[in-house]
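> Okay, predicted coordinates and the sequence, questions at the end:
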Amino acid sequence: MKRSDDLLAGLDDIDWAALGHAYGSAEDVPGQLRAVCGPDEEARESAFRSLFGNIFHQGTRYSASPYAVPFLTRIAVAGPADARGDALLLLTRLAVDWHDEYDLPLGIDTTAWRAAAVSPEENLRWYDEQIAAETNLDRLTILHEVRAYCAAGHPVDTREGALRSYDAVRAQLPALLELLGDPAEEIRTKTAYLLGWFPEEADATLPPLLACLDGERDPACAATVLVAIGLLADHDPDGRLRRHLDHEHPLLRWAAATALTRLLSTHPAAALGLPPAELIAAELAASGARPAPQPATAHHAGDLHSYTVRSLLHLMAAAEDPDGILLEIVRVLPQIEETGVLPRPLAARAENLLEALFAPADTLPVFAKLSPGRRELLRALAELLSAEDFQSFPFGSDLHERFNQYGLPGTRPALRAYVGLSTEGEDPSAPLHDPWGPFR
C-alpha cells in the first residue's frame, strides 16, 4: 500500500467548494477520499456510502464526479486492500451507471450517447436565445439562474454530465489495465467487468483481456473476461469463445455463449466462423434452466437468468427456427424470480418479451392461431406472474397496460382463462390498484 498522501497527491489543488454533487457543494469530498485511504474500517465504509450517494446519486453524475476519478483509480491500484474493490465498483458506476439493464447483451453504444449529449456551449447558446426572447420576469430569473449554473461548469444535460465521468474513467484505463494481473481474484474480476464498457478502447484492452483469460483459473473471473471480450470484439479471437463453449465448467460455457450471441447479433460478417444460433441457444437455455452459479459474473447485476433471456431474444433473428428458441426462453423463465435483482424481475422481462414478440393490436388474437412458442410463453407468464405484477407501481412497469397494448388480457385471471389454465381461486372482479389514485 502507498501512503495516503501519495494516493491523494493534488487533492487540495482542486477547488472542491466550486464543484457540486447531489447535495450541493462538493467541499466534503476530499475528507471522504481521505477516510477511504485511512486505517479506520468503519470510517472507510461510511465514506464510500457517502461517495456513492453524492457524486453518484441514483445514477446521476455531477461536476465533482470526474474530479474524483483519478484518486479512486490510485486507490483501486494501490490503496488499502479493503478499499480497492469498492473503488473499482464506484469507478464503474461513475462511468456507466446501470447500463447492464439498458444495453446488455449488445453492449454500450457510445456513438449514440455522444451524439445525444448536449454540450455546455450548446446549452449556453440555447439559454441566451431564451433569455433574449423571454418577457415574463419569473421565468427570466429562472433562466438566468440555470445559465449561470451551466456557465460555472455544472452539467445541465444528464447525458453530457454522465459522459464527463465516463471519459474521465476512460482516461485512466492504462493504469487500470495493470489490475488484470492482480493477485486478488476480486480485483481481476471487477477490472474485467469495467473494461467491457469501453468499446472505443478495444484495441488497447482486448490483448490484455485475452492474456488474462489464458492464465485465469478462477471461474467467475474467467467468465467475466469472456463476456467482456464478447462485448468488445468484432470477431472470435483465435476461436477462444467457440472453444470455451465446450468448457467443463457450466459458468464458462454460459459466458462463451453470451459472448457469441453478441457477435452474431452485431457482427454478421463474423457468423461464418461461429457456431449456429441454435447451438448457442441450447447452451444458454441449459444454463438458464439451472440455478444461478455462485459466484457468478457481475453482469446484469448477477441476474444471469434475465441476461440469458435477453440473449436468447437476440438469437431468434439469426436462427432458422425462431420459435424453437422461444421455447428455450420459456424454460428459463421459472428461474428468474430466484435470482432477480429488480423489484419485479419477471415482470420486467415479460415487458421485453411482449415488445419483441407481439405487434400492437386492438383485438384479442385467437390463441390457437398463435405460434407454438408464443402460446407456451403466454402460458408460462400466466402461471409465473402474480396478480401484483399486473398492478400499477410508481416508477415501475405497468404490465396491465402492456398486455392490453398487444390486444392480450391485462389481468392474471383473464390471462389464465385465455391460455386455458384454471381460474379457480382467482378474482376476476378485483380492481387494479392505482397508487396515484389519492393524488388525482
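Alright, I've got the coordinates.

> residue contacts, the residue most central in space within the chain?
When Cα atoms, centre = their mean is applied to the chain, the residue found nearest the centroid is residue 100 (1.4 Å). Contacts of residue 100 were listed using Cβ atoms under 8 Å, 6 or more residues apart in numbering, and they are 299, 300, 301, 307. Quick note: C-beta positions are derived from backbone N, CA and C, even for glycine.

> Which strand or helix spans it?
helix 99-103 (DSSP states H and E).

> again, but for residue 197
Using DSSP H and E, no helix or strand contains residue 197.

> can you tell me how far it sits from residue 118?
22 Å (Cβ to Cβ, to the nearest Å).

> More neighbours: which of these two?
Legend: neighbour count by other Cβ atoms under 10 Å for residue 197 and residue 118, higher for residue 197 (22 against 14).

> ok, and the closest non-adjacent residue to that one?
residue 96 (4.6 Å; Cβ to Cβ, 6 or more residues apart in numbering).

> Number of residues surrounding the closest residue to residue 406 other than its chain neighbours?
Distances taken as Cβ to Cβ, 6+ apart put residue 358 closest to residue 406, at 4.0 Å, once the chain neighbours are dropped. Other residues near residue 358 number 19, with proximity taken as other Cβ under 10 Å.

> Next up, phi/psi of residue 358, please.
With angles defined as degrees, to the nearest 10, residue 358 sits at phi -130, psi 150.

> ditto for residue 15
According to degrees, to the nearest 10, residue 15 has phi -80, psi 80.

> likewise the one 5 residues further on?
The main-chain torsion angles of residue 20 are listed as degrees, to the nearest 10 and equal phi -130, psi 160.

> Relative to residue 40, how far out is it?
Counting by Cβ to Cβ - residue 20 and residue 40 are separated by 27 Å.

> residue with max distance from the center of this structure?
Computed with Cα atoms, centre = their mean, the residue of the chain farthest from its C-alpha average is residue 135, at 43.6 Å.

> element containing it?
Using DSSP H and E, residue 135 falls outside every helix and strand.

> and stretch 235-248, average pLDDT?
For stretch 235-248, mean pLDDT is 94.

> Spell out which helix or strand contains residue 355, please.
Here residue 355 sits within helix 345-357, counting by DSSP H and E.

> what's the offset of that helix from the middle of its chain?
Computed by Cα atoms, centre = their mean, to the nearest Å, the chain-centroid distance of helix 345-357 equals 16 Å.

> helices and strands around that helix, which ones?
helix 304-315, helix 322-339, helix 372-384, helix 399-405 (3 or more Cβ pairs under 8 Å, 6 or more residues apart in numbering; DSSP states H and E).

> could you give the mean pLDDT of the third one?
Yep, that's helix 372-384 we're talking about. Helix 372-384 comes out at a mean pLDDT of 95.

> Identify all contacting residues around that helix.
322-327, 329-330, 333-334, 337, 346, 350, 353, 357-358, 367, 370, 408, 412, 415-416, 418-421.

> In ChimeraX, how would I select the buried members of those residues?
The buried subset of the contacts of helix 372-384, as determined by 16 or more other Cβ atoms under 10 Å, is captured in ChimeraX by this line:
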select :322,324,325,326,327,329,330,333,346,350,353,357,358,370,408,412,415,416,418,419,421
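
> Just confirm residue 220 is within a helix.
Yes - Residue 220 forms part of a helix when assessed by DSSP: H, G, I helix; E, B strand; the rest coil.

> Leaving aside the residues adjacent along the chain, what's closest to it?
residue 295 (4.4 Å).

> Quick check: residue 265 vs residue 258, distance?
With Cβ to Cβ as the criterion, residue 265 and residue 258 are 11 Å apart.

> Now the common contact residues for those two.
Joint contacts of residue 265 and residue 258 (Cβ under 8 Å, 6+ apart) are residue 105.

> that older thread, how much space between the residue nearest to the centre of the chain and residue 193?
Taking Cβ to Cβ, one finds residue 100 at 10 Å from residue 193.

> Also residue 111?
Per Cβ to Cβ, residue 111 is found 22 Å from residue 193.

> Give me the more crowded residue out of these two.
Ranked by neighbour count (other Cβ under 10 Å), residue 111 and residue 193 place residue 193 first, with 21 against 10.

> wait, what's in contact with the residue nearest to residue 406?
374, 406, 407, 408.

> doesn't residue 362 make contact with the last one?
No - under the criterion of Cβ atoms under 8 Å, residue 408 lies out of contact with residue 362, with a separation of 11.4 Å.

> right, and the helix or strand after the helix or strand hosting residue 228?
Take DSSP H and E as the rule and residue 228 turns out to sit in helix 219-232. Moving toward the C-terminus from helix 219-232, the first helix or strand encountered (DSSP H and E) is helix 240-244.

> who's in contact with that following helix?
By Cβ under 8 Å, 6+ apart, the list of residues contacting helix 240-244 reads 210, 213, 226, 229-230, 236, 252-253, 255-256, 259-260, 263, 273-275.

> rewinding a little: let's see if you can find the most crowded of the contacts of residue 358.
residue 408 (20 neighbours).

> Show me the domain layout of the chain.
1-117+157-171, 118-156, 179-341, 349-440 (automatic domain parsing).

> returning to that earlier point: pick the one among the contacts of residue 100 closest to residue 188.
For those, the minimum distance to residue 188 (Cβ to Cβ) is 15.1 Å, reached by residue 299.

> okay, that closest one: pLDDT?
Residue 299 is given a pLDDT of 92.

> which residues of the stretch 1-150 of the chain fall in strands?
Taking DSSP state E, counting those that start in this stretch as the criterion, the stretch 1-150 of the chain carries its strands at 20-21, 24-25, 56-57, 60-61.

> Could you list the low-pLDDT ranges of the protein?
Counting by pLDDT under 70, the ranges of the chain that qualify are 1-5, 338-343, 392-397, 428-440.
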